[in-house]
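Visitor: sequence plus the predicted model coming up.
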Amino acid sequence: MSTPPEPEPAVIAGERRHLTDLAYRLLGSLTEAEDAVQEAYARWYAMEPRQRAAVRVPGAWLTTVISRICLDVLGSARVRRERYVGAWLPEPLPDRTEWPRASHGTADPADRVTADDSVHMAFLVVLESMTPAERVAFILHDVFRYPFPEIAGILGRTPAACRQLASAARRRVGPDRAPAASVREQTALLRRFKAAWESGDIAALVGLLNPDATMVADGGGLASTVRHPVRGSADIAAQLARIGRLSPGLTLLERTVNGRPGLVAQRDGVTVTVAAFQLAGGRVTRIWAVRNPEKLRPWAGPPGP
């Protein structure tokens, strides 16, 4: 019997977007997602040609491998994040239409992530509260529509157990998947918020913030920022005004962050903060400000035309 031919390299390479999409949602990090994708491909090409030829559905094989890689990374990440300086937030995702390719000519990992409700910062933050197994089962089933028998093969559990994992994860998500305001409404609100921040108008900021709003910042010990969440509209407005006074020369830009309107602060053309927002009832309810420079690498260049 003749040996079946290996899958065409283009077929294998064509899985990269799906794999990066999946890995970013599982890990909340573009850097770790790209590393996981590279590892999955390394394992594919480490096989003998006859072994690769025997794989009936290469995409399914790669999905299984990268899911298991991410499961291992999530397990070790929980330990690393316990030692993290201050709050840990997911890496903010730029809109690939706004940012150029990297200078070395290859696409940035952000170019390969499809923005939808499952990459919004509020959603990714909730995912951090899940166990690694819950997160994998939930993302594979609820986001990528994999059936539980396939997920069972990936996690090494029964389909019933995987169903329970996804159900537990779904309960954690709860109301955070509620429909957001329209993009036009979000943009208009953040434009007013930006103007109030630039002018140092504390009263206007307080009016645009929900009284119970929360602001979380991530500096990772590499950039100055508040170590603990700031709660309440008055305290957040005062903190923002203080930042404005202590950081002259900052330029605030309206940008798409994780698929929704956000703000980017730059100094001398260098991005120093990326802020994502959650809005409800015409006010800002949550702010996630990422200042860790290691998480801002995809934002290094100027926006595209």
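Guide: Looks like it came in fine. Keep in mind the model is a prediction, meaning the values are calculated, not measured.
Visitor: could you pull out the buried residues of the host helix or strand of A33?
Guide: Following DSSP states H and E, one finds A33 within helix 30-46. Across helix 30-46, burial judged by 16 or more other C-beta atoms under 10 Å covers 30, 32-37, 39-41, 44. C-betas here are computed from N, CA, C, even on glycine.
Visitor: how about the strands in this structure?
Guide: Ranges of strands in the chain, per DSSP state E, are 209-218, 230-231, 250-257, 260-267, 270-280, 283-290.
Visitor: among the ones you listed, which is nearest L127?
Guide: Nearest to L127, of all the strands of the chain, is strand 283-290, at 13.3 Å by C-beta to C-beta.
Visitor: report the strands that pair with the closest one, each with its relative direction.
Guide: strand 209-218 (parallel), strand 270-280 (antiparallel) (DSSP bridges).
Visitor: how about the first one: buried residues?
Guide: By 16+ other C-beta under 10 Å, the buried positions in strand 209-218 come out as 209-210, 213-218.
Visitor: one step back: CA atoms of the helix holding A33 as PDB?
Guide: The C-alpha atoms that make up helix 30-46 are tabulated as PDB, following Å, rounded to 0.1, in the frame of the first residue of the first chain:
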ATOM      1  CA  LEU A  30       0.100  37.900  22.400                       C
ATOM      2  CA  THR A  31       3.700  37.000  23.300                       C
ATOM      3  CA  GLU A  32       2.800  33.700  24.900                       C
ATOM      4  CA  ALA A  33       0.300  32.900  22.200                       C
ATOM      5  CA  GLU A  34       2.900  33.300  19.500                       C
ATOM      6  CA  ASP A  35       5.300  31.100  21.500                       C
ATOM      7  CA  ALA A  36       2.600  28.500  21.800                       C
ATOM      8  CA  VAL A  37       2.000  28.600  18.100                       C
ATOM      9  CA  GLN A  38       5.700  28.200  17.300                       C
ATOM     10  CA  GLU A  39       5.900  25.300  19.700                       C
ATOM     11  CA  ALA A  40       2.900  23.600  18.000                       C
ATOM     12  CA  TYR A  41       4.500  24.000  14.600                       C
ATOM     13  CA  ALA A  42       7.800  22.700  16.000                       C
ATOM     14  CA  ARG A  43       6.100  19.600  17.200                       C
ATOM     15  CA  TRP A  44       4.500  19.100  13.800                       C
ATOM     16  CA  TYR A  45       7.700  19.300  11.900                       C
ATOM     17  CA  ALA A  46       9.600  17.200  14.400                       C
END
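Visitor: I'd like the average pLDDT over it.
Guide: The average pLDDT within helix 30-46 is 96.
Visitor: by contact count, what packs against that helix?
Guide: Applying 3 or more C-beta pairs under 8 Å, 6 or more residues apart in numbering; DSSP states H and E, we find helix 30-46 packed against helix 16-27, helix 58-82.
Visitor: just these: most buried one?
Guide: Mean neighbour count (mean count of other C-beta atoms under 10 Å) peaks for helix 16-27 among these, with a mean of 23.
Visitor: so what touches that helix?
Guide: Residues from elsewhere that reach helix 16-27 (C-beta atoms under 8 Å, 6 or more residues apart in numbering): 30, 32-34, 36-37, 40, 59, 62-63, 66-67, 69-70, 73-74, 77, 93, 109, 112-114, 118-119, 124, 127, 135-136, 139-140, 143-144.
Visitor: re the thing from before, taking the buried residues of strand 209-218 together, which two end up most distant?
Guide: N210 and D218, at 21.0 Å, using C-beta to C-beta across the buried residues of strand 209-218.
Visitor: and the gap between L208 and R255?
Guide: 18 Å (C-beta to C-beta, to the nearest Å).
Visitor: and these two? which has more neighbours close in?
Guide: L208 (23 against 20; other C-beta atoms under 10 Å).
Visitor: for that one, which non-adjacent residue is spatially closest?
Guide: F193 (5.0 Å; C-beta to C-beta, 6 or more residues apart in numbering).
Visitor: what is the neighbour count of the one you found?
Guide: 25.
Visitor: for the stretch 151-300 of the chain, give me the ranges with low pLDDT.
Guide: Residue ranges of the stretch 151-300 of the chain with pLDDT under 70: 175-180.
Visitor: domain assignment for this protein?
Guide: In the domain annotation for the chain, the residue ranges read 9-173, 183-299 (automatic domain parsing).
Visitor: end to end, how far does the longest one reach?
Guide: Meaning domain 9-173. From its first residue to its last, domain 9-173 covers 38 Å (C-alpha to C-alpha, to the nearest Å).
Visitor: from A40, how far off is A13?
Guide: Taken as C-beta to C-beta, the span from A13 to A40 is 12 Å.
Visitor: sorry, wrong one. I was asking about L189.
Guide: In this view, L189 and A40 are 40 Å apart by C-beta to C-beta.
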